[in-house]
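Q: need the 3D shape of this:
(one chain, ligands or ions: 1)
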Amino acid sequence: QTTEQLVKGATDTSNVLNYGMGYNLQRFSTLNQINKDTVKNLVPVWNYSFNDDRSEESQPLVYQGVIYVTSHNATMAVDAKTGKQIWKTKVEYPAETPRIVCCGIINRGAALYDGKVYRTTLDANVIALDAKTGKELWRQKAADIKEGYSMTVAPLVADGVIITGISGAEFGTRGFIDGWDPATGKHLWRTHSIPSPDEPGGDTWKGDTWKLGGGSTWITGSYDPELNTVYWGIGNPGPFNSAVRPGDNLYTCSVLAMDPKTGKIKWHYQFSPNNPFDYDSVAEMVLADINVEGKPTKVLMDANRNGFFYVLDRTNGKLLAANPYVKVNWATGIDMKTGRPIETDVSKDAREGKKVTVYPSILGGKNWEPMSFNPQTGLAYANTLAFGGRYKTEPVTFKQGEWYLGMDLSDLWEYGDGPRGHLKAIDPLTGKAKWEAPVDIPRFSGVLSTAGGVVFTGALTGEFEAFDADSGKKLWQFQTGSGIEGQPVTWQQDGVQYVAVTSGYGGVYSLFSGDERLAKVPPGGSLWVFAVKQ
Ligand SMILES: O=C(O)c1cc(C(=O)O)c2c(n1)C(=O)C(=O)c1cc(C(=O)O)[nH]c1-2
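A: This next block holds a predicted model:
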């Protein structure tokens, strides 16, 4: 896997080389053997067991007929045609690790480059394995789990540099993004998501608050090879209780445009300054070239956790559109001149310590589950969340390796009677849905769209599902045996189009939602591969 191959991205339909199916993270494929007519004949080809009962969020990669997939405790290479295991390399981590991880014992996938498989570990190591044998070639410790740092992110390889983020903003950490040498593992650079007082942006923190300021970087960035720019989202500030940290708290809840070779920040845009509601802005920054007011424009799109769908000019960070795509009550809109939210009393009251009901909830209008942008329909297909939250701050003191939130966790959700989620086909420039398919139990899985006019995703109750990209009508589903939180991908081999997804129940909703309907969903991680019956 070379830089040239990675740049080709999803136009190379025989491989799936990176997280997001192409550097633009569009999760769109030009393949159309599986289409609106044939999808009803989709059948499983094989199923591969992970021998694991955690949440399986990994996006499979495919290279020359081999699938590379991760779980929290193993990296696996599987023959794409037969489902036979080629190698499996275990990942060990200290037994205390799960206690210091906020939202699920998971891993989101690997990166491929130069004959190696790169991944992160829950206890914050970056490792390189030989793609042929699974043998570990190098290992680097990015941070100390005892200090609250963990890793769930899939690495990005851009301009010959392995780039990784970090988790841990709920534990009084200070976030960063790292660059590593692919061949040796040498640490090349670190860019903190929270500047120190002497760096630009350092004045947006008071006193020592920056040291515990959070700003995790737990979802993989996108990359524009032409502009040689990486776009990486930054998480929430810590603690949630914003009275502890007055100021804008840069670069939390922002996107950073960075140079992959040096980690230097080219520009930033902050979505939610001084955010009290855990509105991490880590979710995928999807790149596309679309018409804005009649002009072809290089944009970045983000269905932000704060409930607004943003379109930015990715050459300079200028705001082009920001509209709600779910119910929002913490702000009435985004000021197009300043780029700042126009906040309501819900935000003011929350900051003053009053109990509020906020839309979206702390899980967001969309959580981490990646959307797909289909350049043929011009729509972004996203699994959105349709519930609010109750929110009240409380005093908080920092203790290393302990939760550092300053929020009352005893009463979190405002569910209502309706569906708790939708699959939406969103117009990026208006935030409006062309169609929406409601779902009682919200989805936390990725979305894939194809030139066959089909949108794939999966339910927490286990169904792998296909929808009509134009109408939202469900065309097909298959029960995978456990809940789906994976990220579907597609490729073709020897003239056959395949779709793969991991199944395995868990993740943030299972931990915190109290949704009793999920009690009957059995755990059990595995990888499914489907094709049209010949
Ligand atoms: O701030 C962080 O460091 C951090 C990390 C993670 C993670 O690494 O999975 C999640 C979150 N926050 C988070 O806020 C969240 O809602 C969440 C959901 C999930 C999941 O896998 O279902 N992870 C995370």
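Q: and the residue nearest to P341 when sequence neighbours are not counted, how far from A350?
A: Nearest non-adjacent residue to P341, counting by Cβ to Cβ, 6 or more residues apart in numbering: A331, 3.9 Å away. Placement of C-beta: from N, CA and C, glycine included. Distance from A331 to A350, counting by Cβ to Cβ, to the nearest Å: 12 Å.
Q: more neighbours: these two, which one.
A: Set A331 next to A350 and count neighbours by other Cβ atoms under 10 Å: A350 wins out with 26 against 20.
Q: helix, strand or coil: sort out the more buried one for me.
A: Assigned state for A350: helix (three-state reduction, DSSP: H, G, I helix; E, B strand; the rest coil).
Q: likewise K40?
A: helix.
Q: got any residues that touch both of A331 and A350?
A: Taking Cβ atoms under 8 Å, 6 or more residues apart in numbering as the contact rule, A331 and A350 have no neighbour in common.
Q: these two touch, right, T229 and S222?
A: No: at 9.1 Å, T229 does not count as touching S222 under the criterion of Cβ atoms under 8 Å.
Q: out of these two, which sits in the more crowded spot?
A: Neighbour totals were compared for T229 and S222, and S222 leads with 27 against 23 (other Cβ under 10 Å).
Q: just checking, what packs against the particular helix or strand that has Y498 in it?
A: When elements are assigned from DSSP states H and E, Y498 belongs to strand 496-503. Taking 3 or more Cβ pairs under 8 Å, 6 or more residues apart in numbering; DSSP states H and E as contact, the helices and strands that strand 496-503 lies on are strand 454-458, strand 489-493, strand 526-532.
Q: may I see the buried residues of the next helix or strand after that strand?
A: Proceeding C-terminally, strand 496-503 gives way to helix 507-512 as the next helix or strand, assigned by DSSP H and E. By neighbour count, with 16 or more other Cβ atoms under 10 Å as the criterion, the buried positions of helix 507-512 are G507, V508, Y509, S510, F512.
Q: with stretch 473-490 instead?
A: The neighbour-count check on stretch 473-490 (16+ other Cβ under 10 Å) flags 475-476, 478, 480-490 as buried.
Q: over to stretch 101-116?
A: The neighbour-count check on stretch 101-116 (16+ other Cβ under 10 Å) flags 101-113, 116 as buried.
Q: for the protein, just list every one of the helices.
A: Taking DSSP state H as the test, the helices found in the chain are 3-8, 345-351, 507-512.
Q: that older thread, closest one to P155 out of the buried residues of helix 507-512, please.
A: For P155, the nearest member of the buried residues of helix 507-512 is G507. The distance, counting by Cβ to Cβ, is 20.4 Å.
Q: need the contact list for that closest one.
A: With contact set as Cβ under 8 Å, 6+ apart, G507 has these partners: S55, E57, C103, G104, I106, F444, E485.
Q: which of those lies closest to A154?
A: Ranked by distance to A154 (Cβ to Cβ), the contacts of G507 are led by E57 at 9.5 Å.
Q: what residues does the stretch 1-150 of the chain have near the ligand?
A: Counting by Cβ under 6 Å from any ligand atom, the residues of the stretch 1-150 of the chain lying close to the ligand are E57, C102, C103, G104, I106.
Q: and the residues you listed, which two are furthest apart?
A: Looking across these, with Cβ to Cβ as the criterion, the two at the greatest separation are E57 and C102, at 14.0 Å.
Q: for the residue most central in space within the chain, give me the pLDDT.
A: Nearest to the mean C-alpha position of the chain, by Cα atoms, centre = their mean, lies W368 at 3.8 Å. In this prediction, W368 carries a pLDDT score of 98.
Q: the ligand contacts on the protein?
A: Counting by Cβ under 6 Å from any ligand atom, the positions of the chain adjacent to the ligand are 57, 102-104, 106, 152, 167-170, 216, 218, 235-236, 278, 280, 363, 367-368, 444, 507-508.
Q: give me that answer again for 5 Å
A: C103, G104, T152, S167, G168, A169, S216, W218, G235, G507, V508 (Cβ under 5 Å from any ligand atom).
Q: which of the buried residues of stretch 101-116 fall within strands?
A: Using DSSP state E, the members of the buried residues of stretch 101-116 that fall in strands are A111, L112, Y113, K116.
Q: what's the worst-scoring helix or strand of the chain on mean pLDDT in contact with?
A: Least confident helix or strand of the chain, by mean pLDDT, DSSP states H and E, is helix 3-8 with a mean of 85. When contacts are taken as Cβ under 8 Å, 6+ apart, the neighbours of helix 3-8 outside the stretch itself are D12, N15, L17, N18, Y23, Y113, V157, D159, G160, P225.
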